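Peer 1: coordinates only, sequence not included:
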């Protein structure tokens, strides 16, 4: 029995990378704080929001690009072109 997993789009991979980046950032901030360093949380919040905004714009652009290309053949025609059928019924063999 073989199972195949659906391949994730670049937008999904970048989206999940956001979770890893956020958790890593929190870990680094906690380590700095416990080490005795002063952290300017307002500046860090501004930088984090700007980075997240850019990250989400990139993932939205990648998702939109992928949606436009799904279902298109290399010639640019729709892959769901109607197929002509004959009315002669099923073939007897």
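Peer 2: Yep, that arrived. Values in this document were obtained by computation on a predicted structure and should not be read as measured data.

Peer 1: For the protein, give me the ranges with low pLDDT.
Peer 2: Counting by pLDDT under 70, the chain contains low-confidence residues at 1-3, 10-11, 66-93.

Peer 1: Tell me where it has helices.
Peer 2: For the chain, the helices defined by DSSP state H cover 10-34, 41-69.

Peer 1: Could you pull out the buried residues of stretch 54-63?
Peer 2: 55, 59, 62, 63 (16 or more other Cβ atoms under 10 Å). C-beta coordinates here come from the backbone N, C-alpha and C atoms, glycine included.

Peer 1: circling back: got the helices of the chain as CSV, with distance to residue 4 columns?
Peer 2: Putting these into CSV (distance: least, Cβ to Cβ, whole Å) gives the following:
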stretch, distance to residue 4
helix 10-34, 17
helix 41-69, 19
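
Peer 1: what's the closest of the buried residues of stretch 54-63 to residue 45?
Peer 2: Nearest to residue 45 among the buried residues of stretch 54-63 is residue 55, at 15.3 Å by Cβ to Cβ.

Peer 1: The closest one contacts residue 14, correct?
Peer 2: Yes: when contacts are counted by Cβ atoms under 8 Å, residue 55 is listed as touching residue 14 (7.0 Å).

Peer 1: overlap in contacts of the two?
Peer 2: With contacts defined as Cβ atoms under 8 Å, 6 or more residues apart in numbering, no residue is adjacent to both residue 55 and residue 14.

Peer 1: For residue 44, grab the count of nearby residues.
Peer 2: By other Cβ atoms under 10 Å, 13 other residues sit near residue 44.

Peer 1: Correct me if wrong: it contacts residue 29.
Peer 2: Yes: using Cβ under 8 Å, residue 44 is in contact with residue 29, at 7.0 Å.

Peer 1: Tell me who's in contact with residue 34.
Peer 2: Counted by Cβ under 8 Å, 6+ apart, residue 34 has zero contacts.

Peer 1: roughly how far apart are it and residue 27?
Peer 2: Residue 34 is 11 Å from residue 27, where distance means Cβ to Cβ, to the nearest Å.

Peer 1: Then residue 39?
Peer 2: 13 Å.
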